[in-house]
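Colleague: Dropping a prediction and its sequence here:
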Amino acid sequence: MLHKEKALDYFNRKFHCSQAVLAAFADECGLTEEQALKLGACFGSGMRKGEVCGACTGALMVLGSLYGQYDKMDTESRFTANEVNDKMMNRFAEMCGSYLCNDLLRCDISTAEGVKFALENNLFTEFCPKMVANAVDILEQIIAEQK
């Protein structure tokens, strides 16, 4: 199964967007499915505050696990992580119009009224899967460029 199909399957099974993207790449990140789902659990809906889209955040977690600095002397990996982070954030904003969840959904999902609006307008079921798919597409492009 392709990454995008996996991510959309997780999302359709009611996992957060952040969990869906990270879990779809769990093998490449050296994570079990359970670890990926747990790590991504608190980042959906822009950390439940409408901040950075969880799909984008899940992609950043993948990039961090692949290219992140873990040795304080390895400044090259820090540079690489910063570079792929910027690429992800910029490309997601270019493709989607923003990387902020509230901007994307056009409502404040940190409020009950905003969540109600999103539910009534099927945003979580019709709009958010597009953000998951876009995040995976951009993520795959960035990974390919790094090889």
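Modeller: It's in.
Colleague: Now residue 80: closest residue in space that isn't a chain neighbour?
Modeller: Take residue 80 and drop its neighbours on the chain: the residue closest to it by Cβ to Cβ, 6 or more residues apart in numbering is residue 67, 4.7 Å away. C-beta here means a position set from N, CA and C on the backbone, and glycine is covered the same way.
Colleague: Give me the pLDDT value at the one you found.
Modeller: What the model reports as pLDDT for residue 67 is 97.
Colleague: correct me, but it touches residue 81?
Modeller: Yes - using Cβ atoms under 8 Å, residue 67 is in contact with residue 81, at 5.0 Å.
Colleague: rewinding a little: could you give the number of residues near the residue nearest to residue 80?
Modeller: Around residue 67 there are 20 other residues, counting by other Cβ atoms under 10 Å.
Colleague: Over to the one 3 residues further on?
Modeller: For residue 70, the number of neighbouring residues by other Cβ under 10 Å comes to 10.
Colleague: wait, what's in contact with the residue nearest to residue 48 when sequence neighbours are not counted?
Modeller: The shortest distance from residue 48 to any non-neighbouring residue, by Cβ to Cβ, 6+ apart, is to residue 110 (6.9 Å). For residue 110, the residues meeting the contact criterion (Cβ atoms under 8 Å, 6 or more residues apart in numbering) are 48-50, 102.
Colleague: Against residue 137, how distant is the residue nearest to residue 80?
Modeller: For residue 67, the distance to residue 137 (Cβ to Cβ, to the nearest Å) stands at 18 Å.
Colleague: can you map out the helices along this structure?
Modeller: For the chain, the helices defined by DSSP state H occupy 3-12, 17-24, 26-29, 33-39, 44-45, 54-67, 75-96, 101-105, 112-120, 128-146.
Colleague: Give me whichever of those is most buried.
Modeller: Using mean count of other Cβ atoms under 10 Å, the stretch among the helices of the chain with the greatest mean number of neighbours is helix 17-24 (a mean of 31).
Colleague: Please state the offset of it from the chain centre?
Modeller: Going by Cα atoms, centre = their mean, to the nearest Å, the spacing between the C-alpha centre of helix 17-24 and its chain's C-alpha centre is 7 Å.
Colleague: what angle do it and helix 3-12 make?
Modeller: Taking axes from the mean of the first three to the mean of the last three Cα atoms, to 10 degrees, one finds that helix 17-24 is oriented at 140 degrees with respect to helix 3-12.
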